[in-house]
Structures are given as structure tokens and as C-alpha cells.
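> Predicted model and sequence follow; I will ask about them next.
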Amino acid sequence: MIPGGEAEPGRAPVPILTVPSAVRPFYLEAAPARGQLVRLGPLADALLTRHALPDVVAQLLGEALALTAGLAAALKFEGSFSLQARGDGPVGMLLADCTGRGALRGYARIDAAALARFDGAPSAARLLGAGHLAFTVDQGPEMDRYQGIVPLEGSSLADLAHTWFRTSQQVEAAVKLVAARTPAGWRASALLLERIAFAGGGRRRTPEDDDEAWRTAVMLAGSATGAELLDEGLPAERLLWRLFHELDPRIQHAKPVSFGCRCSRERIERVLAGFGSAELDQMAEDGAITVTCEFCNVDFRFDRGDVGAASPADGGAA
């Protein structure tokens, strides 16, 4: 964890926090597979506690954050990866996005009254309800965005990710997600495995060999426990070796993930400038307009006379 530093002028006063080894990419020398082990560490707690979320919702958002961080780490260009679920359940919207450089943020919109009607710990399927999940790859201003949309079908967020890999990416994958409140605060982790064309180091292999090696890799990934994935005392290298030693894992350079809310006073002021005078007057209370960032839960306050066109009653232009 690397805290400290000062926020950019006009940026929200949020934690300046980076986990240098949050994502550990790897591949298996003896199987057609590559993957990412994501462990957000204290960053998960910093992101999830920005809002007073019920534990079941924080758990779901934590899984989404870990999944998104892992998928963004695989980007080969400057851009971002986002996950957005919209449904008719108590969690009407679930959103997580991460840039290729690891700036991560997330948000969940809940209907508290609808959520209160559930007993125990409802599944992701019950929390989200019927709707869709969109995975969006933004390749920057010079490239078109790519989006894959899948229905909200499956009991868990991992099930939905499997469907996206299969239908939109047309690849086989294994996904394990875990998020939980621990004595040290919220923690979240993801283990992602994707089937690739097998290189094999020059050794001749048959398609049947590849199929069997892939099945073995998926089985081994599935043996990872939530406790192992969240155990900060268990180094990533040791965990990956423990899981995949028979398939000769090759662990690559770690990638950082940081608290990545990108809101700023200047950006919000530009948005407000697009509203008409009457709309701005409706937003104002006691001569001020307050805008709350949905991601970091920070309020930005603007004097009504300093934003857009002033109303005629205030002596401004009509």
C-alpha cells in the first residue's frame, strides 16, 4: 500500500491510495491458459466504505471491483474497462470501472425499502433482478468503444462473467470472486483464468492434450478457497504455485491499482454550464447548488451566481 501525497487542485478529498501488487498476471507453461490474480487489499475497504452500504451489497460491489480490475489489467492499450449492471431488483445499478493504468472506482444504487424485504444474504441474482449486464471497453478518443451485453441470468456475478466470456469474447474462462469484511476491513479478490492458443514451448501436443490440460487448470483454479484469496499473509506467488504447480505457472510483473475516482470541480462545473437558467434555479437551495459524486460521495458546492446564467431575479441575463 502506498498512501500519501496531495490531490490535484479541484479534485475531491479522497484517499490517495495505491496497492502496487494488486494484480498478478500469470500463464501456465503446461496448459493453454493465462490469468490474473487480483487482491485489492486495503483499497477495497477505502472504496466500499465511501457509502453506507449494507454488507450484502458491499460484497457484491467488492466482487465487481476485483473482477473489473483484473479485466482492465489485460488491456493492451490506454483505455478503460467498465462493468455496469441494471436490473429491477433492490440493487438497480451496479457500476465499476478501471483504467488501463489501474484507476479503480465503483458505485451501487440501492432501493433500501426493497432490500429490507429480503431475509438473510440474498444472491446476486436476487439483488440485481431481471435486466442486463454490460461490459464496455473504451479504447480512447481515437477508437470505437466495444460493448458486450448479457442478460442477468445466473446466481452469481461470476456466472455472469462466464456468460460474457463465452458469448461476447467466445473463449472459455474460469472466474472466482470473493469479497468479505475481515478484521482489517473489507477485502476483495478475483482469480481469472482464460483459455488461449497453446504454445507449448516447442513440444508436440494434440487437441485432446490441450483439452485435458485446460480441464485440469479449471479444476485447480476452482480449488482456491475464499480464505486463501483474501489472506494477505499468503504471497501471491506462493498461492499461485500452490494452486498450479503441476502446470508450471509463470508469474509476470505485478500491476498497481489505485483509488481512481476522476471527479473534479472543473468537470462538474462544465456539466452545470450545460443547463439552462431555470433548471439551475431549481437545483439551487439557499443560493447554492450542491453536486454529490456518486462514486466517492464527496459534495461539491457552487454559488448559484457563479454557475451558468443567473436568473433575471438575480439581475443576470434572461
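Arrived safely, thanks for sending.
> Need the phi and psi values for the nearest residue to residue 100 once chain neighbours are set aside.
In space, residue 100 comes closest to residue 75 once its chain neighbours are excluded; the distance is 4.3 Å by CB to CB, 6 or more residues apart in numbering. Where you see a C-beta, it was placed from the backbone N, CA and C, and this is true even at glycine. As for residue 75, its main-chain torsions (degrees, to the nearest 10) stand at phi -60, psi 140.
> Show the contacting residues for residue 75.
By CB atoms under 8 Å, 6 or more residues apart in numbering, the contact list for residue 75 reads 81, 100, 137.
> what pairs with the first one across the strands?
Per DSSP bridges, residues listed as beta-bridge partners of residue 81: residue 98, residue 137.
> could we number from 732 for the rest of this?
Renumbered: residue one is now 732, and that last one reads residue 812.
> okay but it is in contact with residue 867, surely?
Yes: using CB atoms under 8 Å, residue 812 is in contact with residue 867, at 7.3 Å.
> rewinding a little: with pLDDT as extra columns, can I get the contacts of residue 806 in CSV?
Shown next, in CSV, are those (pLDDT from 0 to 100):
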residue, pLDDT
812, 91
831, 87
868, 89
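> Just among the residues you listed, which is most surrounded?
The most neighbours of any of those, using other CB atoms under 10 Å, belong to residue 812, which has 23 neighbours.
> Name the nearest residue to residue 832, ignoring sequence neighbours.
Ranked by CB to CB, 6+ apart and with sequence neighbours excluded, the top spatial neighbour of residue 832 is residue 809, at 7.6 Å.
> Could I get the pLDDT score of residue 909?
At residue 909, the pLDDT value in this model is 98.
> Tell me who's in contact with it.
Residues near residue 909 by CB under 8 Å, 6+ apart: 794, 797, 919, 920, 921, 957, 960, 961.
> circling back to that earlier point, relative to residue 869, how far out is the residue nearest to residue 831?
With distances taken as CB to CB, to the nearest Å, residue 806 is found 10 Å from residue 869.
> Please enumerate the shared neighbours of the two.
residue 812.
> Assign the residue minimising distance to the centre of the chain to one of the three secondary structure states.
In the chain, the residue lying closest to the centroid (CA atoms, centre = their mean) is residue 796, at 2.7 Å. At residue 796 the chain is in helix, as set by DSSP: H, G, I helix; E, B strand; the rest coil.
> Over to residue 894?
helix.
> Does it touch residue 884 like I think?
Yes: between residue 894 and residue 884 there is a contact under CB under 8 Å: 6.9 Å.
> More neighbours: which of the two?
Taking other CB under 10 Å, residue 894 and residue 884 do not tie; residue 894 has more neighbours (17 against 12).
> Around residue 984, count how many other residues there are.
Neighbours of residue 984 using other CB under 10 Å come to 8.
> which stretch of helix or strand covers the residue nearest to it when sequence neighbours are not counted?
Excluding its sequence neighbours, the residue lying closest to residue 984 (CB to CB, 6+ apart) is residue 756, at 7.5 Å. Assigned by DSSP states H and E, residue 756 belongs to strand 749-759.
> Can you mark which positions in stretch 751-764 are buried?
The neighbour-count criterion (16 or more other CB atoms under 10 Å) identifies 752, 753, 754, 755, 756, 757, 758, 759, 761, 762, 763, 764 as the buried residues of stretch 751-764.
> what's the distance between the residue nearest to the centre of the chain and residue 857?
Applying CB to CB to residue 796 and residue 857 gives a distance of 20 Å.
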